[in-house]
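>>> predicted coordinates and the sequence they were generated for:
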Amino acid sequence: MNPRRNTRQMLVITGVTLALGVAACASNGSTSPAPSTTAVSSQPSTTPISPVESAKQQALAAYHGMWQDVAEAATTSDWQSPRLADHATGDALSVLSRQLYADHYNGLVSKGKPVNSPVVESVEPSNEPKIVLIRDCSDAGDWLKYRADNGQPADDQPGGKHLINAEVKLAVDGSWRVTRFAVQGTGSC
């Protein structure tokens, strides 16, 4: 067998293969390469999060959930709303129910929603969290009380920012609930 002939044949085969490839690209009117057929996983990373990060996320979700539930119940001053117990328990639930009852009794409802910006202050114990302490500078500028009978503002006080310290605990059913909180006066943060 002639080595020159084999080399020439290989060059011809390579040239024909390249020509066919160029012709295939040109036939669809596109100069971009054909789409890749490599499979890409659309699954998110399965990196496990730490117990501390999980506790922080769930506690913050419970805190946000509590204020969403309260804002909804406050539109009618529904002090018996079953939603209140979804994210609050103990002293926190008692305070919320009593405040909504007082508003109901006084013919007041709330309009708007608070804007919360909570941050985790601490997690206890650090190896297996059961308590998360939260600090929030809540803006109640657009969450005000009105007379239910005529829709007029309940007072002439503007809303504002309030410092809130809250405790969120892991319940026996595995959920996180706000157990207590303290709201400081307007302008406290």
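Cool, got the structure.
>>> tell me which element the spatially most central residue of the chain falls in.
The centroid of the chain falls nearest to Ala61 when counting by C-alpha atoms, centre = their mean (6.6 Å). Ala61 belongs to helix 51-74 when assigned by DSSP states H and E.
>>> downstream of that helix, the next helix or strand is which one?
Per DSSP H and E, the helix or strand that comes after helix 51-74 is helix 84-87.
>>> gap between that following helix and the chain center?
Centre-to-centre, helix 84-87 and its host chain are 17 Å apart (C-alpha atoms, centre = their mean, to the nearest Å).
>>> quick check: buried residues in that helix?
Leu84, Asp86, His87 (16 or more other C-beta atoms under 10 Å). For every residue, glycine as well, the C-beta is placed using N, CA and C.
>>> out of those, which is nearest to Ile134?
Set against Ile134, the nearest of the buried residues of helix 84-87 by C-beta to C-beta is His87 (12.4 Å).
>>> and Gly151, helix, strand or coil?
The three-state label given to Gly151 by DSSP: H, G, I helix; E, B strand; the rest coil is coil.
>>> distance check, it against Val109.
9 Å (C-beta to C-beta, to the nearest Å).
>>> looking at these two, which one has more neighbours?
Val109 (19 against 9; other C-beta atoms under 10 Å).
>>> pretty sure the more buried one is touching Lys145, no?
Yes - if you go by C-beta atoms under 8 Å, Val109 and Lys145 touch, sitting 7.1 Å apart.
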